[in-house]
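Participant: quick check, what structure comes out for this input:
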Amino acid sequence: MGGQDFEISIAERVIVEKYGKNTLDLYRKIERNSFRSKKVEKDLKFLEICKCYGTIPDFIKFRVYCPTFQTTRTYRSWCFDLLDWEIDKQKKKIPTIKKKLEDDTTLLTSCISYFDSKCLLSLNERNMEKKLCNVDFRHNKKLTKLGIDLNKKVDKNKVIFNFSDRILSDEQKEVLSLGFDHCIPPSTIPHNQFFLCFEKLCHTIKNCEIYKDRWNHITNSISTVAHDTYKKFKCHVKSIHTPYPSLTPLIALRDDNNIVITKPDKGRGVVILNRDDYFSKLNTILSDSSKFKPIISDTATHLLKLEDKLNRLLRSIRTSIGEMTYNFLTISGSKPGRLYGLPKIPKIGQPLRPIISAFESLFTNVPLNETTDIILNKTTSSLLNSYGLNKTTYRKLLDIAVHNSVFTFNGSIYTQNKRHKNLSVIGFVDVIVVSIKIDDASLLPVILKVVMCYNIAHKI
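Facilitator: Residues are numbered from 1 along each chain as shown. Presented below is the predicted three-dimensional model:
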């Protein structure tokens, strides 16, 4: 007989001798309810973990006449309905069991001495620990069998940087520690955006010589592929029933208008800032009149002027550059980049690094004119002539791209001050171009497209 069993048997004999068999039965009832209340809580946690990971426990699965039906979305949806029912059932058990346990414990303490009640309840707690360890072991074994390893967790304090006034709950930290890659698959596809990609494909290959004789056949084939893919996706989405309860704690964060959730400027992680601090830091950057200036005119009107300026220049050289290059470089339906900031975590005060959407950074110390001169010098005249360009025209194209970049922030549109010689969104493109020797004919149209279209506006 083990030491603990021997200790329990002695305790039971003492209870019977001092207080009678009814008191012993009451104590055993407390033992059972104490263990049941803890076990139900652990069973509930096990079920919620399975639901969070989109996994069906084995005991939920049921037999069907056709085994292949178990692989269908319908079968999984039914299993998740049963899982939800089981979770609700376990949740309802907990208050009932705890109420019985509380009543029995109160009755026991009234029947025996204070010292004996403390000893018996302490003995009961120690006895439960061993049983609960066995429960945890079984649950972890089942989770591992289901492909869930709870030991593979990151240190939340190393990936979540909360500089806001909001206090995060444990559930919110748990979900945020999964990172920005943890997301819900799209349930819908924007109709216009989906088919616009195929329209662009047709527009791109329209003037290719190899497709001219079979153009109608090519467009019909692309149209068929586009519509079939769209219909298959819609049918696939309707049949999916995968719950994502793990994202529920983020709803409160999403609805909190006093914070901004972003990522650090380097590395992986989640950063939470007070919205007022975030906007104040970006406004401080934009308040430097030597570098930036707001544009008073309407955004759409200003973009149309920039597009027209570039397209007029392209029309003047349309004959020399050829129809294909002209269509490749012409821009329309554009929108400006959007300014946002990524906090520099190691630095005091967490200053923001300004970023333009569709670009990797906002370079504020790239010498514009010098960089443009280097690009021109590294581009040979023979290469430019093969595309119907000369260095004068190429310089004009670069100047339009470099000196007319715009971006938006907080509903306003800004441009970089032309008087400041060391500013450009194009900086990172210039640096890449300068670092290579432009002697490959296939590089020039790509460089031109990036230089012009991405710096005037981010195309839809």
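Participant: show me this structure divided up by domain.
Facilitator: Structural domains of the chain, as assigned by automatic domain parsing, span the residue ranges 3-145, 288-459.
Participant: what's the most buried one of the ones you listed?
Facilitator: Neighbour counts (mean count of other CB atoms under 10 Å) averaged over each of those peak at domain 288-459, with a mean of 16. Yep, even glycine has a C-beta here, placed from its N, CA and C like the rest.
Participant: following the helix or strand hosting residue 193, which helix or strand shows up next?
Facilitator: Under the criterion of DSSP states H and E, residue 193 resides in helix 191-205. Where DSSP H and E defines the elements, the next helix or strand beyond helix 191-205 is helix 215-239.
Participant: sorry, back to before: list the buried residues in the helix holding residue 193.
Facilitator: residue 198 (16 or more other CB atoms under 10 Å).
Participant: out of the domains of the chain, nearest to residue 214?
Facilitator: With CB to CB as the measure, domain 288-459 is the member of the domains of the chain nearest residue 214 (17.9 Å).
Participant: so for the closest one, mean pLDDT?
Facilitator: Taken as a whole, domain 288-459 has an average pLDDT of 71.
Participant: all strands for the stretch 251-400 of the chain, in order.
Facilitator: For the stretch 251-400 of the chain, applying DSSP state E, counting those that start in this stretch gives strands covering 259-262, 270-274, 292-294, 334-335, 337-343, 352-356.
Participant: can you list these in TSV and add distance to residue 30?
Facilitator: Shown next, in TSV, are the strands of the stretch 251-400 of the chain (distance: least, CB to CB, whole Å):
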stretch	distance to residue 30
strand 259-262	46
strand 270-274	45
strand 292-294	72
strand 334-335	69
strand 337-343	53
strand 352-356	59
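Participant: residue 308 is nearest to which of those?
Facilitator: Closest among these, using CB to CB: strand 334-335, at 11.3 Å.
Participant: direction included, what does that closest one pair up with?
Facilitator: The pairing partners recorded for strand 334-335 under DSSP bridges are strand 458-459 (antiparallel).
Participant: just give the nearest non-adjacent residue to the residue nearest to the spatial centre of the chain, would you?
Facilitator: For the chain, residue 180 is the residue whose C-alpha lies nearest the centre (CA atoms, centre = their mean; 3.1 Å). Once flanking residues are discounted, residue 180 sits nearest to residue 263: 6.2 Å by CB to CB, 6 or more residues apart in numbering.
Participant: need the phi and psi values for that neighbour.
Facilitator: Backbone torsions for residue 263, taken as degrees, to the nearest 10, come to phi -120, psi 160.
Participant: give me the below-cutoff pLDDT ranges for the stretch 1-150 of the chain.
Facilitator: 1-9 (pLDDT under 70).
Participant: let me see the ranges of the helices in it.
Facilitator: For the stretch 1-150 of the chain, the helices defined by DSSP state H, counting those that start in this stretch cover 3-19, 21-52, 73-111, 114-145.
Participant: for residue 415, find the nearest of these.
Facilitator: helix 21-52 (46.9 Å).
Participant: show me the contacts for the residue nearest to residue 389 when sequence neighbours are not counted.
Facilitator: Nearest residue to residue 389, sequence neighbours excluded (CB to CB, 6+ apart): residue 321, at 6.5 Å. Applying CB atoms under 8 Å, 6 or more residues apart in numbering to residue 321 gives the contacts 314, 329, 387, 388, 389.
Participant: which of those fall in helices?
Facilitator: Among the contacts of residue 321, the residues falling in helices (DSSP state H) are 314, 329.
Participant: TSV please, covering the contacts of residue 321 and showing distance to residue 295.
Facilitator: Formatted as TSV, those follow (distance: CB to CB, whole Å):
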residue	distance to residue 295
314	23
329	24
387	32
388	33
389	30
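Participant: which one among the contacts of residue 321 gets closest to residue 169?
Facilitator: Among the contacts of residue 321, residue 329 lies closest to residue 169 (CB to CB), at 52.4 Å.
Participant: ok, the closest one touching residue 314?
Facilitator: Yes. Here residue 329 reaches residue 314: they are 5.8 Å apart, a contact under CB atoms under 8 Å.
Participant: now for the contacts of residue 321, which pair is the farthest apart?
Facilitator: 314 and 387 (12.1 Å).
Participant: list the residues that contact residue 208.
Facilitator: Neighbouring residues of residue 208 by CB under 8 Å, 6+ apart: residue 324.
Participant: and residue 272, how far is that from residue 344?
Facilitator: 15 Å (CB to CB, to the nearest Å).
Participant: residue 407: which element?
Facilitator: Using DSSP H and E, residue 407 maps to strand 406-409.
Participant: counting by contacts, list what that strand packs against.
Facilitator: When contacts are defined as 3 or more CB pairs under 8 Å, 6 or more residues apart in numbering; DSSP states H and E, strand 406-409 sits against helix 299-316, strand 337-343, strand 412-416.
Participant: now do the end-to-end distance for stretch 147-158.
Facilitator: One end of stretch 147-158 sits 25 Å from the other (CA to CA, to the nearest Å).
Participant: so for it, what gets flagged as buried?
Facilitator: Neighbour counts over stretch 147-158 (16+ other CB under 10 Å) mark residue 148 as buried.
Participant: now do stretch 249-268
Facilitator: For stretch 249-268, by 16+ other CB under 10 Å, it's 249, 253, 259, 260, 261, 262, 263, 264, 265.
Participant: list phi and psi for the first one.
Facilitator: By that I understand residue 249. phi -60, psi -20.
Participant: what about the nearest residue to it once chain neighbours are set aside, which helix or strand?
Facilitator: Nearest non-adjacent residue to residue 249, counting by CB to CB, 6+ apart: residue 171, 4.0 Å away. In the assignment (DSSP H and E), residue 171 maps to helix 170-176.
Participant: just give me how far that helix sits from the chain centre.
Facilitator: 14 Å (CA atoms, centre = their mean, to the nearest Å).
Participant: and that helix, average pLDDT?
Facilitator: Helix 170-176 shows a mean pLDDT of 84.
Participant: for stretch 269-284, same thing?
Facilitator: Regarding stretch 269-284, the rounded mean pLDDT is 93.
Participant: how about that stretch: buried residues?
Facilitator: 269, 270, 271, 272, 273, 277, 278, 281, 282.
Participant: what does that stretch contact?
Facilitator: With CB under 8 Å, 6+ apart as the criterion, stretch 269-284 contacts 158-166, 168, 176-177, 179-180, 253, 257-264, 339-343, 345, 350-352, 354, 409-410.
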